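# Predicted model and sequence follow; I will ask about them next.
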Amino acid sequence: MTNGSKGRVIFLGVDGLDASLTEYWLDKGFLPHMSKLATGGTLCRLIPLRPNQHSASWASFLTGVNPAEHGHLALPRMDGDHKRARLPELVVIPRRLGRAGIFPLLERGYFFSAFKKDIRPVMMGFPHTFPAPHIKGHLLAGCLPSSFEGLASPLLLTSEIGGKDELDGGQIIGVQVAENTVSLRLQGPNFTSAPLRIVIEPDKERAVVHSRRRSVEARLGKLSEPLQVSFVGWLRRPRRALLRFLLSSITPHLRIFIPGVLPHPMDFPYRLSQPRFYAARLIRILGDLPFIDPRLIAAAHSSGMVDMMGVSQILEQNMRLSSEAFLRALENNLLHPRLAGSRLLALNIGIIDALQHVVWGDLRKRSPKESSSQGKLLLVFYRLLDSLVGRILERIGEDDMLIVAGDSGQRRVSYLVSLNRYFLERGLLHLKEGVRIPQIGLHDFWDKVDWDRTRVYSLGGGSIYLNRSYKGYQQGRRSEENLAEAREALVRLKCGKNLVVKDITYGRVIFSGEFFEKTPHLMVDFAPGFASGYEEADRIPREVFSENQGGWSGEHLSLHPQALPSLLISNLPIKGANLTLLDLPPTIASFLGQDIPDWWEGRDLWGGEAGEIQSGMKE
């Protein structure tokens, strides 16, 4: 055990903190507090982990091990009968009490559970912390999953359609307006529902939403205050929840967007915080909690459910709630003795990554003056982050360490690549006799694959898997030959005259651990402008390449980590080169004077010999 420092560690984990973008705006003076933070301290680049997806990256940070060890790869998984590929689950109820988080294997728990001294950590907003596990401190869970226990993903109430429609960004519910009034029952958890009555006042450009004895005003173009509603069902006790409303249109059609349903912490069967009353107390103080998943809001915008002005208001409100909750914990302003003496306070911010996914295509040379209004909006949220850093700097002492670290940058994607379609053309993947691909593509196609002849397949995100059901494999043909053939085919893949694949890495080089058998055999990193997303697990299109015309213009999944660096900024000097998020748990432990378990995979950048620091500022 090292002597360590007497100070605290304050950690801000920022999804999508892009190195080149942040460095550019630091140089232009747009982020003065982060510039002050780095002065006399550290500004260096972080290399993203594979697979380059936020939930897998923060899982590695929380546990100190790579995805093959903690079990969450953030990639779709194939059913055992090869009939369906399931999207990555972000929430799985622990099989027994005492297991930290949601991972298949977390007997060792979060990295701070290994600390011997009473650190009393305060953790807020990280993925894989719902339901909130027991820790010797305070924990506010990350974003709630859509549709879990009947929770609603984003909803759009509109008079444009009748019935319901499911989109990637949520659900559209058709309503009827009669004498400027809408009456409906909103479906909730476990076959419950809540009555809503919406009274429209066109002359005042507003609508008043009533639920039993409560009501809230929704003004045109403004996000409302939260409304507490009660979901009731047959032989079930009422369950309270909070809803906000964004009235975007009254005529010719009514459009009211609901970002999501936040269950009341004391009524929900699964813990939103540890201890349970922590979330309830924050609601009494702040009026709401930042549990809305910003990526769902971005997806709702991409699907046309909400405009960018609405997205900005919802994400800004989420950012404000996260910041205020964290600052109160930093000041021990919740009047609870268990928060006193906390030496590790950490907050995850997912808003910047979500926003970059939908506005990255509007950036021009990284300059706000040369960008569209949507591109300029990204700078607004970087400055909100900078403001939070400034407020934290006012509240910490000389012995405290403040770290701002990201998981990955992003780049614009112009073309989507279907590896399965390419494998089909090269004879590496086969469909059953008589199966044809229609013009719109072949959906839910896995049960139509001829597994006796298929050698390799992709589940999206640049992942390539060897088919162990292939007859040639069963007859003794070595797996290395199949993988080499797939690799050779991918190296030659071109779009016009441009090579599409930048690098191909064997899974055994990247991953090691108990869940190694579930990891991809090959990981493909695409050249700039190309990517392969989760849609690979659901559909085979007519063509290998399709122009990315959707609203999801920025991406990091399946792109080369070296091309998407993030940043580490700290007020204290941290030494090291080629840093990753895995290096931060040992560094935090060393600073706090804790033992570093031998099963952690990162390096101690505080008390260890990690080499020269890598410069983060690039021309």
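Perfect, thanks for sending it. Numbers count the residues shown, from 1 in each chain.
# which residues does Y457 contact?
Remark: with contacts taken as CB atoms under 8 Å, 6 or more residues apart in numbering, Y457 is in contact with N420, F423, L429, V449, I464, Y465, N467. Every residue, glycine included, has its C-beta placed from N, CA and C.
# I meant to write L140 there.
Contact analysis of L140 by CB under 8 Å, 6+ apart lists M123, M124, G125, T129, A132, L272, S273, Y278, A279, L282, L289, A325.
# cool, G310 as well?
For G310, the contacting residues are G221, L223, L246, S248, F257, H301, taking CB under 8 Å, 6+ apart as the criterion.
# Put together a markdown table for the contacts of L140, with neighbour count and distance to R603 on each row.
Listed next are the contacts of L140 as a markdown table, based on neighbours: other CB atoms under 10 Å; distance: CB to CB, whole Å:
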| residue | neighbour count | distance to R603 |
| --- | --- | --- |
| M123 | 26 | 23 |
| M124 | 23 | 26 |
| G125 | 26 | 26 |
| T129 | 28 | 25 |
| A132 | 23 | 30 |
| L272 | 27 | 35 |
| S273 | 22 | 32 |
| Y278 | 24 | 33 |
| A279 | 26 | 35 |
| L282 | 24 | 36 |
| L289 | 25 | 36 |
| A325 | 23 | 32 |
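# List just the nearest of those residues to D18.
Proximity of the contacts of L140 to D18 (CB to CB) peaks at G125, which lies at 19.6 Å.
# wait, isn't the closest one in contact with G142?
Yes: G125 sits in contact with G142 when judged by CB atoms under 8 Å, with a separation of 5.4 Å.
# any residues in contact with both of these two?
With CB under 8 Å, 6+ apart applied, the overlap between the contact sets of G125 and G142 consists of N348.
# show me the contacts for G287.
G287 is in contact with E225, P226, counting by CB under 8 Å, 6+ apart.
# Ok, P195 next?
With contact set as CB under 8 Å, 6+ apart, P195 has these partners: S183, L184, R185, L186, S211, R212.
# Is the third one in a helix, a strand, or coil?
Each residue gets one of three states, and R185 gets strand by DSSP: H, G, I helix; E, B strand; the rest coil.
# Once you drop chain neighbours, what's closest to it?
Counting by CB to CB, 6 or more residues apart in numbering, R185 lies nearest to S193, which is 4.3 Å off, once chain neighbours are set aside.
# Show the backbone phi and psi for that neighbour.
phi -150, psi 160 (degrees, to the nearest 10).
# List the contacts of it.
When contacts are taken as CB under 8 Å, 6+ apart, S193 is in contact with R185, L186, Q187, F231, V232, G233.
# Show me which of those residues is closest to S113.
Nearest to S113, judged by CB to CB, of the contacts of S193 is F231 at 34.9 Å.
# For whichever strand or helix holds that closest one, name the packing helices and strands.
Under the assignment given by DSSP states H and E, the secondary-structure element containing F231 is strand 227-233. Using 3 or more CB pairs under 8 Å, 6 or more residues apart in numbering; DSSP states H and E as the contact criterion, the secondary-structure elements in contact with strand 227-233 are strand 193-201, strand 206-211, strand 214-219, strand 236-243.
# Give me the angle between it and strand 193-201.
For the pair strand 227-233 and strand 193-201, the angle between their directions (axes from the mean of the first three to the mean of the last three CA atoms, to 10 degrees) equals 140 degrees.
# For strand 227-233, buried residues please.
Going by neighbour count (16 or more other CB atoms under 10 Å), the buried part of strand 227-233 is L227, V229, S230, F231, V232.
# Could you dump these into CSV with distance to Q439 and pLDDT added?
Putting those into CSV (distance: CB to CB, whole Å; pLDDT from 0 to 100) gives the following:
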residue, distance to Q439, pLDDT
L227, 45, 94
V229, 44, 91
S230, 48, 89
F231, 43, 87
V232, 47, 86
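# ok so, going back, show me the two of the contacts of Y457 that sit farthest apart.
Spatially, the most separated pair among the contacts of Y457 is V449 and I464, at 14.9 Å (CB to CB).
# Which parts of the stretch 51-200 of the chain are strands?
With DSSP state E, counting those that start in this stretch, the ranges of strands along the stretch 51-200 of the chain come out as 77-78, 85-86, 122-124, 138-140, 155-158, 164-167, 170-174, 181-187, 193-201.
# No further queries at this time; thank you.
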